[in-house]
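K.L.:
here are the coordinates; sequence isn't available:
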Ligand code: ATP
Ligand code: MG
């Protein structure tokens, strides 16, 4: 026997019945997105490496350590492109907007679902291929859109059965604008310099390149130093504060609860003004189920006209883990009917009848191959179907099928005409 090949470490197969939970989650999410007027985008999984270097920032974990980047084969001129599997999708969406001049006629509200790739240490809630649902509202300045993005996220969580305050909580911060961050940065560097001996290798290196990121640490030894660091909120000017207060006023009016976390800086460098995360305490260190914020600088940074933007990314594996943890279990979809076929000679008529049922919207599973009646009934039962359709020789000879209720002991088996499926098909359908 040959050696068995396995999936790449940190990359998972999603098989039934687990895949049904994914479809349920995605359908729920789409329903919410549609109610806010968001439209779907799909961009390539592979992009030029430079897109992420420019769009995420060179001094980030993602670009420094986690990206699957490679050199493509050389073309006939000997030129090889530097490509990467996307670690996130905002940069790709923005590239597509610029490339297709998609924001010329005004703003856009977009959403995506898809796999992302990061070479992290795999553990519960952290994978090398994982999936995100994300939204991007491009071309809108005001705090109304920041608030709307947060409200949409809150509705997603609520409609999935998660309870604010019990299962998830919202953290909010305002990163201000560049001059404010610069003033804060100087004060922060002075603070970090005074505690330089505490910093690990990464911290020492980032002290001058990206000091804000030094605070974005999971190292417990650095918590006190990070807590005592100068806070960006204290450096915000009038306009930034007005924006922040505008967002807060809407959230307050809508009854969305949040805590302001001055240390919330997000892992990516292109955010400004509003940043937020939805956090759960139920998944250990992988507690962030959704993170987002405003990134008014990114579009210009990627070569487009300066355009404001705000969005979030939600980790679908973490959402499903959380839903399982708190006992939200979507009902697995079951077929309306299961077709029992005792003998092969009736198959052409049976299968034509099944097609007529499907045409009428009935979901019906054929028992493949004609095994014993006992085993066919067993399979019918296990399928969860509400009816068995018995295509016996006698029934077929009379142009009929026996419809046997499987989940209702009081209901009787009935004979139905095969040439008038439309008359009775709706009785099988799950309303
Ligand atoms: P973390 O701090 O947990 O590494 P992050 O800040 O790197 O998260 P983002 O880049 O903001 O995450 O991605 C948005 C969401 O995608 C996260 O909130 C999380 O739910 C999910 N996510 C990120 N990385 C992974 C991963 N490796 N495996 C599974 N989900 C992930
Ligand atoms: Mg990360």
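P.N.:
Perfect, I can see it now. Fair warning: this is a prediction, and the values are worked out from it, not measured in the lab. Ligands and ions are numbered 1, 2, ... in the order given.

K.L.:
quick one: residue 311 and residue 63, what's the gap?
P.N.:
Residue 311 is 19 Å from residue 63, where distance means CB to CB, to the nearest Å. For glycine as for every other residue, the C-beta is placed from the backbone atoms N, C-alpha and C.

K.L.:
between the two, who's got more neighbours?
P.N.:
Using other CB atoms under 10 Å, the more surrounded residue of residue 311 and residue 63 is residue 311, with 25 against 21.

K.L.:
which strands and helices lie in contact with the host helix or strand of that one?
P.N.:
For residue 311, the host element (DSSP states H and E) is strand 309-315. Applying 3 or more CB pairs under 8 Å, 6 or more residues apart in numbering; DSSP states H and E, we find strand 309-315 packed against helix 90-99, strand 129-138, helix 143-159, strand 272-279, strand 288-294.

K.L.:
redo the ones you listed as CSV? Include distance to ligand 1 and mean neighbour count.
P.N.:
Listed next are the helices and strands packed on strand 309-315 as CSV, based on distance: least, CB to the nearest ligand atom, whole Å; neighbours: other CB atoms under 10 Å:
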stretch, distance to ligand 1, mean neighbour count
helix 90-99, 9, 22
strand 129-138, 3, 22
helix 143-159, 11, 21
strand 272-279, 7, 24
strand 288-294, 4, 25
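
K.L.:
figure out which of these is closest to residue 184.
P.N.:
Closest approach to residue 184 among the helices and strands packed on strand 309-315 (CB to CB): strand 272-279, 12.7 Å.

K.L.:
which strand residues bridge the residue of the chain found nearest ligand 1?
P.N.:
Using CB to the nearest ligand atom, residue 315 is the residue of the chain that sits closest to ligand 1, at 2.3 Å. Beta bridges link residue 315 to residue 132 when assigned by DSSP bridges.

K.L.:
hang on, it packs against residue 132?
P.N.:
Yes - shown here, residue 315 and residue 132 form a contact pair, counting by CB atoms under 8 Å, at 6.1 Å.

K.L.:
near ligand 1, which residues of the stretch 251-400 of the chain are found?
P.N.:
Selection of the stretch 251-400 of the chain residues close to ligand 1 by CB under 6 Å from any ligand atom yields 267, 286, 288-291, 313, 315, 317-318.

K.L.:
do the helix or strand of the chain with the lowest mean pLDDT and ligand 1 come into contact?
P.N.:
When the helices and strands of the chain are scored by mean pLDDT, DSSP states H and E, helix 211-215 comes last with a mean of 81. No - Helix 211-215 stays clear of ligand 1 (CB under 6 Å from any ligand atom), getting no nearer than 11.2 Å.
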